[in-house]
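[1] sequence and predicted structure below; questions after.
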Amino acid sequence: MKQYLLGIDIGTSACKIAVFNREGKVIATANGDYPVYYPKQGWAEQNPEEWWSAVCGAVKEVLSKGGIAPKDIAGVGIDGQSWSAIAVDKDGRVLTNTPIWMDTRAADICEELNERIGSDEIFKLSGNSLQPSYTTAKIIWYQRNMPEVYADTYKILQSNSYIAYKLTGEMTQDLSQGYGLHCFNMHTGTWDEDMCEALGIPMHLLPEIHPCHEVIGTVNGKAAEECGLAIGTPVVAGGLDAACGTLGAGVIHPGETQEQGGQAGGMSICTDQYIADERLILGYHVVPGQWLLQGGTTGGGGVMRWLEQQFGDYEREEGKRQGRSSLDLFNEMAEKVTPGSDGVVFLPYMSGERSPIWDPDAKGVYYGLDFSKTKAHFIRSSMEGVAYALKHNLDVAKEAGAEVSVLRAMGGSANSLLWTQIKSDITGKPIIVPSSDTATTLGAVILAGVGVGMYESFEEAVALTVKEKRSHEPNVENADVYQKNYEVYLELYRNLKETMKKTGGR
Ligand SMILES: Nc1ncnc2c1ncn2[C@@H]1O[C@H](COP(=O)(O)OP(=O)(O)O)[C@@H](O)[C@H]1O
Ligand SMILES: O=C(CO)[C@@H](O)[C@H](O)COP(=O)(O)O
């Protein structure tokens, strides 16, 4: 009996595959790592073929681990990272690595387009300011810097769309990923021909737009052989990872808000009103009829991953000896440092910064060091710096008219009780952590379940599958020290902005 749903999450650090039953119980999971390449300052790219290879290995692993017959998978949902620019030829071959959501190589092109077309005009149609990390300027960058790639380009795909193509042979675009392009009319959810022309992006490069839960095809023979799924398994269009994580965290009604705990940081505020602010990010939710007003920061969980990779050799070895993760040991060290990290303040601008400052030259900074500080201060101040960036986005959203009362956490960072408590203390918001730490993949699976009729509605799906694991209330005793550090955090960037521009080195 077709009783299972399979979710595929194309995250920045890895793909995460999970099989759920109708009640949202995780039957089996498997991950597949792949690298981010940083060939130049401000560049960050990945190879979508490495995504597909990781997906195939992890899907076969999850079916085997769960003892699941491929024929029992009722549907497949895919979520993926934002703002890819996957150039494929008419046979679906990937023509070059794609710049990903933190890549700022096209900053100069953005300045030129904003000047020529008018930043207000672009913002009025798309609901987003034209910034280099979005998809739009990356396409123009191909035109100017890789003319041979551009000449062979048949379509520009997003991350989840590429995997959907590899499974079904159908080249599509879902509604929630439309926000990556500024020729996407955020009021109507359609491509805008005039803006395509103004930007210099031919409309034929842009795939047809589909609702996120719509079945766009079925697993074909080639894909079945490569990944182990059954021929004919329905695949839905899928959506943006942050939007699927928002759904998987149970955020489907206006005012509810997801806290983004993956590589990137930030939040997504669900709204049924069109609320746009040039300092924030606006996109369609994967749930019909809703938008998400987002803060998207460059330094999220990825800061802890970087710290662990660069400075965690001992904790990796010691963790193996204790049968624990190195990040658990990092958390233990950070717990021993007082709130406020004894004055050490971290700017998490690790690949420039996106919202709300949109500065490709912004740099990471640890301020307040002296000989009394330890590795633990670096760990805790990093957690606090990511939380200050989250607060900065929430403060801007409040100015824009979007007040947030409760945050619902998702992503790997939510595994850390300390980090989640720090975010609650610094934002002053209660944070609910859903049971599934695979909220993003759960969101993708809910799309598939609604699309194939396993659920009557999104409300039914969320009621059945999203449960609370724990919650955090802000500790008011820490409010003063964090507010004082937050003011230092804002002042540091104001004072260093020009220096960062001079030494940006892009
Ligand atoms: N126990 C933990 N403590 C702190 N950070 C964690 C922990 N577990 C995972 N993370 C962070 O979560 C991130 C991965 O989250 P995930 O949602 O899988 O990211 P993505 O989907 O962007 O690849 C990593 O960058 C890692 O630093
Ligand atoms: O840009 C966004 C959402 O708007 C980021 O969420 C990226 O899509 C990266 O996602 P993770 O890899 O951090 O999950």
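    Received, thanks. Model, not experiment: these values are computed from the prediction. Ligands and ions are numbered 1, 2, ... in the order given.
[2] other residues contacting stretch 371-386?
    With contacts defined as Cβ atoms under 8 Å, 6 or more residues apart in numbering, stretch 371-386 is touched by 265, 297, 299-301, 303-304, 307, 311, 330-331, 333-334, 336-337, 340-342, 344-348, 366, 368-369, 413, 416, 418-419, 422-423, 426, 482, 485, 489. In short, each C-beta sits where N, CA and C put it, glycine included.
[3] average model confidence for it?
    When pLDDT is averaged along stretch 371-386, the result is 98.
[4] which parts of that stretch are buried?
    373, 375-386 (16 or more other Cβ atoms under 10 Å).
[5] from the chain's centroid, how far away is it?
    Averaging C-alpha positions (Cα atoms, centre = their mean, to the nearest Å) puts stretch 371-386 25 Å from its chain's average.
[6] ok, back up a step: which of the contacts of stretch 371-386 are close to ligand 1?
    Near ligand 1, judged by Cβ under 6 Å from any ligand atom, the entries from these are 301, 304, 331, 413, 416, 419.
[7] show me what contacts the third one?
    In other words, N331. So N331 contacts 379, 416-419 (Cβ under 8 Å, 6+ apart).
[8] for it, give its distance to I379.
    8 Å (Cβ to Cβ, to the nearest Å).
[9] related to what we said a few turns ago, I122: which of the buried residues of stretch 371-386 is nearest?
    Among the buried residues of stretch 371-386, V386 lies closest to I122 (Cβ to Cβ), at 29.3 Å.
[10] for that closest one, helix, strand, or coil?
    Under DSSP: H, G, I helix; E, B strand; the rest coil, the three-state class of V386 is helix.
[11] same check on the one 4 residues further on?
    Here L390 takes the helix state, with states given by three-state DSSP.
[12] what about it, how many neighbours?
    Residues contacting L390 under the criterion other Cβ atoms under 10 Å number 26.
[13] quick check: pLDDT value at it.
    98.
[14] and the one 3 residues further on, by the same measure?
    We have a pLDDT of 98 for N393.
[15] try D437
    Here the pLDDT value assigned to D437 is 68.
[16] what of G505?
    We have a pLDDT of 61 for G505.
[17] next one: V219
    pLDDT for V219: 98.
[18] so who does it touch?
    76, 167-168, 227, 229-233, 235.
[19] which helix or strand contains I122?
    I122 is located in helix 119-126, with elements delineated by DSSP states H and E.
[20] re earlier: out of the contacts of N331, which is most surrounded?
    I379 (31 neighbours).
[21] just the ones next to ligand 1 among the contacts of stretch 371-386: which are in helices?
    With helices defined by DSSP state H, the entries of these inside them are 301, 304, 331, 419.
[22] same list (these) but as CSV, adding pLDDT and distance to ligand 2.
    Shown next, in CSV, are these (pLDDT from 0 to 100; distance: Cβ to the nearest ligand atom, whole Å):
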residue, pLDDT, distance to ligand 2
G301, 96, 7
M304, 97, 12
N331, 97, 19
W419, 98, 15
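[23] what's the farthest-apart pair in those residues?
    Maximum distance among these (Cβ to Cβ): 12.6 Å, for G301 and N331.
[24] what's the closest of the buried residues of stretch 371-386 to K16?
    K16 lies nearest to V386 out of the buried residues of stretch 371-386, by Cβ to Cβ, at 20.7 Å.
[25] gap between the closest one and L496?
    Distance from V386 to L496, by Cβ to Cβ: 18 Å.
[26] need phi/psi at Y38.
    Note on Y38: its backbone torsions stand at phi -120, psi 70 [degrees, to the nearest 10].
[27] got the contact list for it?
    Y38 sits next to A44 when contact means Cβ under 8 Å, 6+ apart.
[28] what's the answer for V365, then?
    Residues near V365 by Cβ under 8 Å, 6+ apart: 346-347, 349, 492, 496.
[29] tell me which parts of the stretch 401-506 of the chain are close to ligand 1?
    So far as Cβ under 6 Å from any ligand atom goes, the stretch 401-506 of the chain lies against ligand 1 at 411-413, 415-416, 419.
[30] quickly name whichever of these is closest to ligand 1.
    G412 (2.4 Å; Cβ to the nearest ligand atom).
[31] what about the closest residue to the closest one other than its chain neighbours, how many residues close to it?
    Nearest-residue entry for G412: G301, 5.1 Å, with adjacent residues in sequence omitted and distances by Cβ to Cβ, 6 or more residues apart in numbering. For G301, the count of nearby residues is 25 (other Cβ under 10 Å).
[32] and for D328?
    D328, neighbours per other Cβ under 10 Å, totals 13.
[33] number the chain from 480, please
    Fine by me, first position is 480 from now on; the one you just mentioned is D807.
[34] that one and G798 touch, don't they?
    Yes. D807 is within contact range of G798, at 6.9 Å (criterion: Cβ atoms under 8 Å).
[35] if I pick the residue of the stretch 730-879 of the chain found nearest ligand 2, what's in contact with it?
    Closest contact between the stretch 730-879 of the chain and ligand 2, by Cβ to the nearest ligand atom, is at G741 (2.7 Å). Contact analysis of G741 by Cβ under 8 Å, 6+ apart lists 490-492, 720-721, 724, 779-781, 889-892, 919.
[36] take those residues and keep only those in strands.
    M889 (DSSP state E).
[37] now the contacts of G741 in CSV, with distance to L926?
    Converted to CSV, these look like this (distance: Cβ to Cβ, whole Å):
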residue, distance to L926
G490, 17
T491, 20
S492, 22
D720, 12
A721, 14
G724, 12
G779, 23
G780, 23
G781, 25
M889, 15
G890, 18
G891, 21
S892, 23
T919, 11
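[38] can you turn the buried part of the contacts of G741 into a PyMOL selection?
    Burial among the contacts of G741 is assessed by 16+ other Cβ under 10 Å; the matching PyMOL selection reads:
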select buried, resi 490+491+492+720+721+724+779+780+781+889+890+891+892+919
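[39] identify the farthest-apart pair in the contacts of N810.
    Taking Cβ to Cβ, no two of the contacts of N810 sit farther apart than I858 and L896, at 14.5 Å.
[40] the nearest residue to M812 once chain neighbours are set aside: which element?
    Closest residue in space to M812, ignoring its immediate chain neighbours: A855 at 4.1 Å, by Cβ to Cβ, 6+ apart. Assigned by DSSP H and E, A855 falls within helix 854-878.
[41] how about that helix and ligand 1, any contact?
    No. Remark: helix 854-878 sits outside contact range of ligand 1, by Cβ under 6 Å from any ligand atom, the gap being at least 7.7 Å.
[42] list the buried ones in stretch 664-675?
    664-665, 670-671, 674-675.
[43] can you give the distance of it from its chain's centre?
    On Cα atoms, centre = their mean, the centre of stretch 664-675 falls 23 Å from the chain's centre.
[44] mean confidence for it?
    98.
[45] one step back: pLDDT score for the nearest residue to the residue of the stretch 730-879 of the chain closest to ligand 2 once chain neighbours are set aside?
    Take G741 and drop its neighbours on the chain: the residue closest to it by Cβ to Cβ, 6+ apart is G890, 3.9 Å away. pLDDT for G890: 89.
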